[in-house]
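**Q** Could you look at this predicted model? Sequence included:
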Amino acid sequence: MRVDTSTIGIAPGEGLVARFGDVVIYLVGANASTERILGAVEAVADVEHPGAAIAQRLAAVVFGTGSEPPPFGLVAPTADGTLVLLRGPVSALISGAEGSRRLVGARAFTWVDEIVRDPVRTLAVGPGAEAQVTPYPRTDLRAGVVPGGGFVIHAAVRRGRKQNRAAAAAAPVAGAEPQATAPAGLAAAEPEPAADPGPPTGLAGARSAEPLPGTRAWSAAPQRPAPDPIRLRKEPASSRLLPAARNGAEGPGKSAPALVAEDGTSYPLDRAYVIGRGPSVDESVRRKTAAPLVLQRDRHISRVHAYLSVDGGKVFLRDAGTAAGTFVSTPGEPRWTRIGQSPTELPPGGRIRISEQVLTYQDESPHAGN
């Protein structure tokens, strides 16, 4: 199902419906985790086949924070089809050539996810296990966040060859007169089997999807966030550790160096980071030389706000030339110092403040402080 050529109808009700590129998400209500969920989706929605990358980021938000996120349902493209991801009391009704079937998020302790393959005619996501989602007439969400009680994706319709021939047969025939060169003469010509310029609804014509009915499920267990989208696949249970669990796996006193947010989310300092509310737009992230570190959306935080690098076991930070600035504080120092665009070393125990959000450099390894 190609979301870019489909219509996204909004249903009445409580909650939020958001669209970022080809990714659509419905949240039942809102709480402290809502902005983090939306930020995680928006950060990687513009990459090709973002489904796998979004699932990894949502795992860090849903399972790596103390607050309980609201139930949600998400639809995102992958390399193999369309990812449908449901958490809590939400459901998805998938209708295609072989009939309709329903997925329910509450049937799993973590979440329910499935890769749906074409052909799919409609895909509706709404609250509850048996809810019937009926969108407002003529609604079509193109981008942004709006109030709503669910959404329905209608796949674009392409006019078939039989319709082309029927239209040609209904046109007047020129009879024995010479073939006309005016546009009216097209009616007398034998219809060509070329693709129709567009569907009668005015929507852009979608490419015919390969008729491979069926689905393929993948593990819903959270995975360690990675900067690059990967193909969804099943992994052995031994690899399904949350980022925080990985950092603590070395035992007391031997934790690997990491940046730790106020909500407990941990980012291992074994790589470079681009920090901001939309860091995936930075060229270093696109070239895979740095990982994105997404902060909660805030009008004082730029999409690319700061750069963090690790060199010889030392951590360096520099501002990206933002108006709001990036601030650091050394251990035991209550005052904050604004840094510039030149790399500034951050010692273990140092803190980073961007707007109202604080990250702390924690290093409990034996060499720390040497």
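**A** Done, it's in. Just so it is clear, the structure is predicted and the values come from calculations on it, not from any experiment. Numbering: from 1, shown residues only.

**Q** what stretches of the stretch 1-150 of the chain score poorly on pLDDT?
**A** For the stretch 1-150 of the chain, applying pLDDT under 70 flags the ranges 1, 3-4, 65-66.

**Q** Tell me where it has helices.
**A** Using DSSP state H, counting those that start in this stretch, the helices of the stretch 1-150 of the chain run over 34-44, 51-63.

**Q** Quick check: pLDDT value at the residue nearest to Q357 when sequence neighbours are not counted.
**A** Computed as Cβ to Cβ, 6 or more residues apart in numbering, the closest residue to Q357 that is not its neighbour in sequence is L295, at 5.4 Å. (Glycine included, C-beta is placed from N, CA and C.) For L295, the model assigns a pLDDT of 90.

**Q** Report how many residues lie close to L295.
**A** If you count neighbours by other Cβ atoms under 10 Å, L295 ends up with 23.

**Q** again, but for V358
**A** V358 has 15 neighbouring residues, counting by other Cβ under 10 Å.

**Q** can I get the CA coordinates of whatever helix or strand it lives in in CSV?
**A** Assigned by DSSP states H and E, V358 belongs to strand 357-362. Presented in CSV, the C-alpha positions along strand 357-362 are these (Å, rounded to 0.1, in the frame of the first residue of the first chain):
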residue,chain,number,x,y,z
GLN,A,357,16.6,19.2,28.8
VAL,A,358,19.7,17.9,30.6
LEU,A,359,22.0,15.0,29.6
THR,A,360,24.7,13.7,32.0
TYR,A,361,27.9,12.1,31.1
GLN,A,362,28.2,9.0,33.3
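
**Q** Note down every partner strand of it and its orientation.
**A** Sheet pairing of strand 357-362 (DSSP bridges) gives strand 258-261 (antiparallel), strand 351-354 (antiparallel).

**Q** List the buried residues of that strand.
**A** Q357, L359, T360, Y361, Q362 (16 or more other Cβ atoms under 10 Å).

**Q** What's opposite F151 in the beta bridge?
**A** Per DSSP bridges, the residues bridged to F151 are I10, V125.

**Q** How about the contacts made by it?
**A** By Cβ atoms under 8 Å, 6 or more residues apart in numbering, the residues touching F151 are 8-11, 17, 24, 26, 124-126, 133, 135, 141.

**Q** What segments of the stretch 51-200 of the chain are strands?
**A** 72-77, 82-87, 90-96, 99-104, 112-116, 120-127, 144-147, 151-154 (DSSP state E, counting those that start in this stretch).

**Q** can I get the CA coordinates of stretch 43-55 in CSV?
**A** This file holds the C-alpha atoms of stretch 43-55, laid out as CSV (Å, rounded to 0.1, in the frame of the first residue of the first chain):
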residue,chain,number,x,y,z
ALA,A,43,13.0,12.1,13.3
VAL,A,44,13.3,9.2,10.8
ALA,A,45,10.0,9.4,8.8
ASP,A,46,11.8,11.0,5.8
VAL,A,47,14.2,8.1,5.2
GLU,A,48,13.5,5.4,2.7
HIS,A,49,11.4,2.5,4.1
PRO,A,50,11.4,4.0,7.7
GLY,A,51,9.3,1.2,9.3
ALA,A,52,12.2,-0.7,10.9
ALA,A,53,14.0,2.5,12.2
ILE,A,54,10.7,3.8,13.7
ALA,A,55,10.1,0.5,15.5
